[in-house]
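K.L.:
have a look; sequence and predicted model below, questions after that.
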Amino acid sequence: MTKILSKLLMLFGCLLCSTVLSAQDNQPQMADLMRSNGKIYVVVAVCLTILIGLFVYVFVIDRKISRLEKNKD
Amino acid sequence: MDVPRLFILNETIRNLYFHVCMWFGMMILFGTSFVYSIKYLRGFSLRNDIFAHQFAAVGSFFGILGYATGTIWANYTWVSDQSQSLGSILKEPKLIGAAIALLIYGAYFVLRGSFTDMDKKARVSAVYNIFAFAMLFPSIWIIPRLVGSLHPGAPGSESGNPALNFNDIDSRLRMIFYPAVIGWTLLGVWIATLKIRLQLIKDKTLFHD
């Protein structure tokens, strides 16, 4: 329990440090992962949204076909 | 592939191949749906009604994907990096217009579902589909370009249609963008034909019973 607590405290400490460090820049930086490497992760997120959306949609169609096949017999 | 180096946008300009293509695909699918609705009203063949319905369904799906990807893109370019307030995002005419257009198409499916008589359903929804397609252009393309908008193509940016303007879009982007439009559209058409075939088989079993 204490181990987890100390780890959490350390994590918060790191987070605090990072916010203090970034506050020294000209403009506040947030959601740093999404803004790293020229915001390439925004493109990744968009890509994944489309892919997951398409997979879900095709999966729903697949289920409809299966139901139709079952009714045919 | 190298892309133009731009402020605020940075690498997110690559979303052009996804977000913008979704809307292009949606327009083409809705256009096809519109053509089949007219064809239905000319000959009253239920086959054309099924085509119109399924193309509109996949078109709306592409629209929803375009909207979802747009929110992600806007979140990291407009909201914080351009220091736009949430109020100005909510007032954004392009978002409101796109939402109206998608809701009009949502009402098309509600309308279809509310009929029990097949011929009446096909007839009324075909007329409604023509209305919905007519509303699509003002709400997505015309009104956001008349009033101020953060979205490219607004009066502030003086670029007309940013995706089709040959002075505005970089040639390196165009080399991938146009094939991507064709590719995404063909994917949409393929899913639509799958749905159409499914519906045709379903109706055939319905008629045989």
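P.N.:
Arrived safely, thanks for sending.

K.L.:
for chain A, what are the nearby residues on chain B?
P.N.:
Chain B has residues B:9-12, B:14-15, B:18-19, B:22, B:61, B:64-65, B:68-69, B:72-73, B:76, B:80, B:187, B:191, B:194-195, B:198, B:201-202, B:205 near chain A, with proximity defined as C-beta under 8 Å from any C-beta of the partner chain. C-beta here means a position set from N, CA and C on the backbone, and glycine is covered the same way.

K.L.:
go with 7 Å
P.N.:
B:10-12, B:14-15, B:18-19, B:61, B:65, B:68-69, B:72-73, B:76, B:80, B:191, B:194-195, B:198, B:201-202 (C-beta under 7 Å from any C-beta of the partner chain).

K.L.:
out of those residues, which are buried?
P.N.:
Burial by neighbour count, judged by 16 or more other C-beta atoms under 10 Å in any protein chain shown, picks out B:10-12, B:14-15, B:18-19, B:61, B:65, B:68-69, B:72-73, B:76, B:191, B:194-195, B:198 from the residues of chain B next to chain A.

K.L.:
so of these, which ones are in strands?
P.N.:
Residues of those located in strands (DSSP state E): none.

K.L.:
can you list contacts of the worst-scoring helix or strand of chain B on mean pLDDT?
P.N.:
Least confident helix or strand, chain B: helix B:86-90 with a mean of 78, by mean pLDDT, DSSP states H and E. The contact list for helix B:86-90 (C-beta atoms under 7 Å, 6 or more residues apart in numbering or on different chains) reads B:74, B:78-79.

K.L.:
redo the residues you listed as TSV? Include neighbour count.
P.N.:
Shown next, in TSV, are the contacts of helix B:86-90 (neighbours: other C-beta atoms under 10 Å in any protein chain shown):
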residue	neighbour count
B:Ala74	19
B:Trp78	18
B:Val79	15
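
K.L.:
of those residues, which belong to helices?
P.N.:
B:Ala74 (DSSP state H).

K.L.:
okay, who's weakest in the contacts of helix B:86-90 by pLDDT?
P.N.:
Within the contacts of helix B:86-90, pLDDT reaches its minimum at B:Val79, with 71.

K.L.:
look up how far chain A lies from that residue.
P.N.:
Distance, B:Val79 to chain A, by C-beta to the nearest C-beta, to the nearest Å: 10 Å.

K.L.:
measure how buried the closest residue to chain B within chain A is and give me the count.
P.N.:
Closest residue of chain A to chain B, C-beta to the nearest C-beta: A:Gly38 (3.9 Å). When neighbours are counted by other C-beta atoms under 10 Å in any protein chain shown, A:Gly38 registers 17.

K.L.:
what does the one 10 residues further on give?
P.N.:
When neighbours are counted by other C-beta under 10 Å, A:Leu48 registers 13.

K.L.:
for the strand or helix carrying it, give the mean pLDDT please.
P.N.:
Applying DSSP states H and E as the criterion places A:Leu48 in helix A:32-72. For helix A:32-72, mean pLDDT is 88.
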